[in-house]
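Asks: sharing a model that was predicted from the sequence below.
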Amino acid sequence: MDTTAEIEFITGDLTLELTDAIVNPAGPGLVDLAIRRAAGPMLLEELHWKLFERGERKLRPGRAIVTHGFGLAAPHVIHCGPPVYFDGPEIARAELVSCHVEAVRLARAAGFASVSFPAIGTGAYRFPMREAAELAVRAVSEEIRAHGGPRRVRFVLPDRAARELYAAAANEASPAIRSAA
């Protein structure tokens, strides 16, 4: 079991990522909208079908599920239910960690070598960027260190400031994670 990974931080368009999977914060945010537009209608149809099979109507915060990527460059999408920060910061922190851990677990179970994350929860869900960065990078690095996972993790961020916050958070994370900016 490989418990090391390279984490990269880039500014870019998540819908163009060539990793095995991209992570979609499913809901009314701009990232979800961009992913659904790029993937086409079959993405949402498959997501709804998989939720129906689990007896759920929507993806709860902190939970995740995998679908095909359809029209995306990435062959798979890991959808996660993002937390709403102002509904309760303590609960939102736990749900944000869960989003990242569940995505890594699903990627590991599927045998994915690489996965790309956006800055989950920092847009429409109002999670503070610095706090989201610290929680996300720590959750991913600890999960991979403890259980293995994708060898390559990319955080695809909206701007240089966000990229710098996530890279700084990596400096505080596990030494088992090599950071590339």
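Replies: Thanks, I have the structure now. Remember, it's a predicted structure, so these values are computed and weren't measured experimentally.
Asks: let me see the ranges of the strands in the protein.
Replies: For the chain, the strands defined by DSSP state E cover 5-11, 21-25, 64-68, 76-80, 114-117, 152-157, 177-180.
Asks: which of the ones you listed is buried the deepest?
Replies: Counting by mean count of other CB atoms under 10 Å, strand 21-25 has the highest mean neighbour count of those, with a mean of 30. C-beta: built from backbone N, CA, C; applies to glycine.
Asks: and that one, average pLDDT?
Replies: For strand 21-25, the mean pLDDT works out to 98.
Asks: any chance of the strands of the chain in CSV, plus distance to Val137?
Replies: CSV is the format used below for the strands of the chain (distance: least, CB to CB, whole Å):
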stretch, distance to Val137
strand 5-11, 7
strand 21-25, 14
strand 64-68, 18
strand 76-80, 16
strand 114-117, 10
strand 152-157, 8
strand 177-180, 8
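Asks: for the protein, what helix or strand is lowest in average pLDDT?
Replies: Using mean pLDDT, DSSP states H and E, strand 177-180 stands out as the lowest-scoring helix or strand of the chain, at a mean of 52.
Asks: mind showing which ranges of this structure have poor pLDDT?
Replies: 1-2, 174-181 (pLDDT under 70).
Asks: cutoff 80 now
Replies: 1-4, 172-181 (pLDDT under 80).
Asks: helices of that one, start to end?
Replies: Secondary structure of the chain, counting by DSSP state H: helices at 30-39, 41-53, 89-110, 129-147, 160-172.
Asks: relative to Met42, which of the strands of the chain is closest?
Replies: Taking CB to CB, strand 64-68 is the member of the strands of the chain nearest to Met42, at 7.6 Å.
Asks: so which elements touch the closest one?
Replies: helix 41-53, strand 76-80, helix 89-110 (3 or more CB pairs under 8 Å, 6 or more residues apart in numbering; DSSP states H and E).
Asks: out of the strands of the chain, which is closest to Gly123?
Replies: Gly123 lies closest, by CB to CB, to one member of the strands of the chain: strand 21-25, at 8.2 Å.
Asks: how far off strand 64-68 does that closest one point, in degrees?
Replies: 130 degrees (axes from the mean of the first three to the mean of the last three CA atoms, to 10 degrees).
Asks: what packs against strand 21-25?
Replies: If contacts are counted by 3+ CB pairs under 8 Å, 6+ apart, strand 21-25 sits against helix 30-39, strand 76-80, helix 89-110, strand 114-117.
Asks: could you export those as a markdown table, including distance to Gly55?
Replies: Output for the helices and strands packed on strand 21-25, formatted as a markdown table (distance: least, CB to CB, whole Å):
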| stretch | distance to Gly55 |
| --- | --- |
| helix 30-39 | 22 |
| strand 76-80 | 16 |
| helix 89-110 | 18 |
| strand 114-117 | 27 |
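Asks: who wins for proximity to Phe70 among these?
Replies: Per CB to CB, nearest to Phe70 of those: helix 30-39, 4.4 Å.
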